[in-house]
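**Student:** Sequence unavailable; structure follows:
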C-alpha cells in the first residue's frame, strides 16, 4: 500500500516493513520506549486506529504552517481556518484517487 505524504512531492512512499515499525533506537527516551511497547499490543493499536482520522488532519495542517493565528477577530480566524481546511481537502485528492484506482 502506498500513501502520499505532504513532503513526498507527489511521489508514492512505500509502507515500512513490520519489523522496522517498532524497532527501538538508542536515542529513544523512556516515554517513547513505553509508547512503542503499548502500541505493540492489539487493543492499543485499535484505539490508535480510531484516533488516526482526527490526528492526521491536525498534523498535516500544522505541517503547512498553522501554529497560531496572526490575525484578530473571530471572522478573520474563521476565514483562515477554513482556508487551511479547504487546502487540506484539496491536497488529499491525489491520495484518494490512488486508492480508487
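**Tutor:** Happy to help now that I have it. All values derive from a computational prediction rather than experimental measurement. Numbers count the residues shown, from 1 in each chain.
**Student:** Residue 75 versus the residue at minimal distance from the centre of the chain, what's the distance?
**Tutor:** With distances taken as C-alpha atoms, centre = their mean, the residue of the chain nearest its centroid is residue 56 (3.2 Å). Look at residue 56 and residue 75: by C-beta to C-beta, to the nearest Å, they are 28 Å apart. Quick note: C-beta positions are derived from backbone N, CA and C, even for glycine.
**Student:** measure the most far-flung residue of the chain relative to its centre to residue 64 for me?
**Tutor:** The C-alpha centroid of the chain is most remote from residue 73, which lies 28.7 Å away (C-alpha atoms, centre = their mean). Counting by C-beta to C-beta, the gap from residue 73 to residue 64 is 22 Å.
**Student:** same check, this time on residue 74
**Tutor:** Taking C-beta to C-beta, one finds residue 74 at 22 Å from residue 64.
**Student:** how's this structure carved up into domains?
**Tutor:** Each domain of the chain is listed here as a residue range: 16-63, 67-101, per automatic domain parsing.
**Student:** can I get these in JSON lines with mean pLDDT?
**Tutor:** Shown next, in JSON lines, are those (pLDDT from 0 to 100):
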{"stretch": "domain 16-63", "mean pLDDT": "76"}
{"stretch": "domain 67-101", "mean pLDDT": "86"}
